[in-house]
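K.L.:
Would you be able to build a 3D model of this:
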Amino acid sequence: MKAAVLEALEKITVKEIPEPVCGDNDALLEVFGCAVCGSDIRIFHYGNDRVEFPAIMGHEIAGRIIETGKNVTAFHVGQRVAIGADVPCGTCYWCRNGMGTNCSINYAVGYQFHGGFQQQMLLNETILRYGPVTPIPDSLGYDEAAIAEPLACAINGLELAQFTPGKSLCIIGLGPIGCMMLELSKVYGASKVFAAQRSPVRLAMAKRFREDARFISTQDENLVEVVIEETDGRGADCVITTAGTVQAHQDAINIVGHRGYVNLFGGLKNQPELCIDSNLIHYKECFVMGSHGSLPRHHKMAVDMLARGDVHPDWYISERFTLDQVNEALEYHESRKGLKVIVEPGRA
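P.N.:
Presented below is the predicted three-dimensional model:
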């Protein structure tokens with residue numbers, strides 16, 4: 001079978017490899033769609049402590065089960081499923097108490113476990129027992145179902161930020177996750193929504209996801225001044241940074257209101273050290289926290305939302321590539337010309 005193998009930093013080779021062997025407690029997945037994530041780009045350029053070469057990336061996955069081990073009863077051959085990234089070990093303190101994103105081992109598909117940039121993928125016992133393996137309805141296409149993984153991360157981010165109906169929301173950064181936050185703001189009953197972005201192209205793309213939001217071009221307007229002025233000095237109830245920049249993190253703390261929540265969702269890579277005025281947190285009595293990844297229940301919620309049409313998966317998919325074109329897919333994603341890029345390993 002064919003796979004895109006990350007052999008070293010910035011070196012992916014598409015080649016024939018042996019088909020994975022399905023054990024008694026495993027299943028095999030035929031991969032039909034695997035979306036490119038910003039995390040894949042970071043692994044490609046910088047590596048990751050959890051990734052050993054040779055590796056197969058890709059963790060936003062949908063496909064069909066083509067084989068199951070004799071002990072597998074929860075899934076069956078022919079079943080259409082979406083796969084998420086974070087796989088709780090199921091046994092550590094955090095996993096036993098429902099906080100698998102803080103798992104002591106921190107397993108993930110496309111990291112320790114080979115991911116979706118291959119034609120067939122092994123779903124091992126740990127993935128099947130504890131991970132996000134969610135059946136998808138026939139009404140949802142494979143490419144669309146692959147979008148459930150990042151959507152699940154957005155759901156987790158809003159949940160941890162204690163977001164409830166009637167609150168105001170400011171989203172800083174309008175890439176795929178930021179746009180998902182915009183759509184989710186309708187589902188979660190946000191009142192006033194601010195959406196900030198530096199890139200004019202990304203800003204224009206984001207407007208379809210919530211037309212009544214107050215869109216802010218940070219090239220032309222001062223984000224902090226706009227939010228403070230248009231909330232009559234109160235600031236936003238919740239601020240989520242889906243841009244991984246120090247400036248976004250600093251602005252978020254400046255514009256959150258008293259008793260509000262800041263979710264530093266966007267991780268920082270190759271950025272200066274973050275320096276904040278802790279007195280802002282002290283006197284606002286605000287909560288500054290972060291989130292990453294998602295739990296299997298978030299993944300199921302995401303699939304359900306996509307199937308119901310609460311979130312529009314087709315709005316996110318900008319381009320599709322074959323497995324042979326995986327390097328082009330990564331380049332396109334990194335160019336930020338679109339939102340989500342899908343690699344289709346089964347397409348010639």
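
K.L.:
For the chain, which residues score under the pLDDT cut-off?
P.N.:
348 (pLDDT under 70).

K.L.:
switch the cut-off to 90
P.N.:
Along the chain, segments meeting pLDDT under 90 span 244, 266-276, 346-348.

K.L.:
which parts of stretch 294-303 are buried?
P.N.:
By 16 or more other Cβ atoms under 10 Å, the buried positions in stretch 294-303 come out as 294-296, 298-303. The C-beta positions use only the backbone N, C-alpha and C, and glycine is treated the same way.

K.L.:
Next, please give the residue ranges for the strands of the stretch 151-300 of the chain.
P.N.:
Taking DSSP state E, counting those that start in this stretch as the criterion, the stretch 151-300 of the chain contains strands spanning 169-172, 193-197, 214-217, 236-241, 256-263, 287-289.

K.L.:
could I get those as CSV with mean neighbour count and distance to Leu123?
P.N.:
Shown next, in CSV, are those (neighbours: other Cβ atoms under 10 Å; distance: least, Cβ to Cβ, whole Å):
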stretch, mean neighbour count, distance to Leu123
strand 169-172, 30, 34
strand 193-197, 25, 37
strand 214-217, 18, 41
strand 236-241, 28, 32
strand 256-263, 21, 31
strand 287-289, 16, 32
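
K.L.:
Include distance to Val31 when you put the ones you listed into CSV, please.
P.N.:
Below are the strands of the stretch 151-300 of the chain laid out as CSV (distance: least, Cβ to Cβ, whole Å):
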stretch, distance to Val31
strand 169-172, 31
strand 193-197, 32
strand 214-217, 36
strand 236-241, 31
strand 256-263, 31
strand 287-289, 34
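
K.L.:
between the ones you listed, which one is nearest to Gly90?
P.N.:
Nearest to Gly90, of all the strands of the stretch 151-300 of the chain, is strand 287-289, at 24.8 Å by Cβ to Cβ.

K.L.:
Provide the contact partners of the closest one at residue level.
P.N.:
Contacts to strand 287-289, defined as Cβ atoms under 8 Å, 6 or more residues apart in numbering, come from residues 160-162, 253, 259-264, 281.

K.L.:
Just give the nearest non-adjacent residue to Ser139, would you?
P.N.:
Spatial nearest neighbour of Ser139, chain neighbours left out: Ala307 (6.1 Å); criterion: Cβ to Cβ, 6 or more residues apart in numbering.

K.L.:
for the strand or helix carrying the one you found, packing partners?
P.N.:
Taking DSSP states H and E as the criterion, Ala307 maps to helix 296-308. With contacts defined as 3 or more Cβ pairs under 8 Å, 6 or more residues apart in numbering; DSSP states H and E, helix 296-308 has these neighbours: strand 133-135, helix 142-146, helix 148-160.

K.L.:
That one versus helix 148-160: what angle between them?
P.N.:
110 degrees (axes from the mean of the first three to the mean of the last three Cα atoms, to 10 degrees).

K.L.:
so what's Arg347 up against?
P.N.:
Arg347 touches 320, 322-323, counting by Cβ under 8 Å, 6+ apart.

K.L.:
got these as a markdown table, with neighbour count and secondary structure columns?
P.N.:
Formatted as a markdown table, the contacts of Arg347 follow (neighbours: other Cβ atoms under 10 Å; DSSP: H, G, I helix; E, B strand; the rest coil):
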| residue | neighbour count | secondary structure |
| --- | --- | --- |
| Arg320 | 16 | strand |
| Thr322 | 16 | strand |
| Leu323 | 23 | helix |
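
K.L.:
closest to Ile177 among those residues?
P.N.:
Arg320 (20.1 Å).

K.L.:
Relative to Lys340, how far out is the closest one?
P.N.:
Plainly put, Arg320 is 10 Å away from Lys340 if you go by Cβ to Cβ, to the nearest Å.

K.L.:
How about Tyr111?
P.N.:
20 Å.

K.L.:
Please name the residues that touch the most centrally placed residue in the chain.
P.N.:
Residue closest to the average C-alpha location in the chain (Cα atoms, centre = their mean): Pro150, at 2.5 Å. With contacts defined as Cβ under 8 Å, 6+ apart, Pro150 is in contact with 35, 37, 60, 176-177, 180, 340.

K.L.:
Only whichever of those residues are buried, select them in PyMOL.
P.N.:
To isolate the buried members of the contacts of Pro150 in PyMOL, using 16+ other Cβ under 10 Å:
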select buried, resi 35+37+60+176+177+180+340
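
K.L.:
Next, format the contacts of Pro150 as a markdown table and append distance to Lys11.
P.N.:
Below are the contacts of Pro150 laid out as a markdown table (distance: Cβ to Cβ, whole Å):
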| residue | distance to Lys11 |
| --- | --- |
| Ala35 | 22 |
| Cys37 | 19 |
| Glu60 | 22 |
| Pro176 | 26 |
| Ile177 | 28 |
| Met180 | 31 |
| Lys340 | 24 |
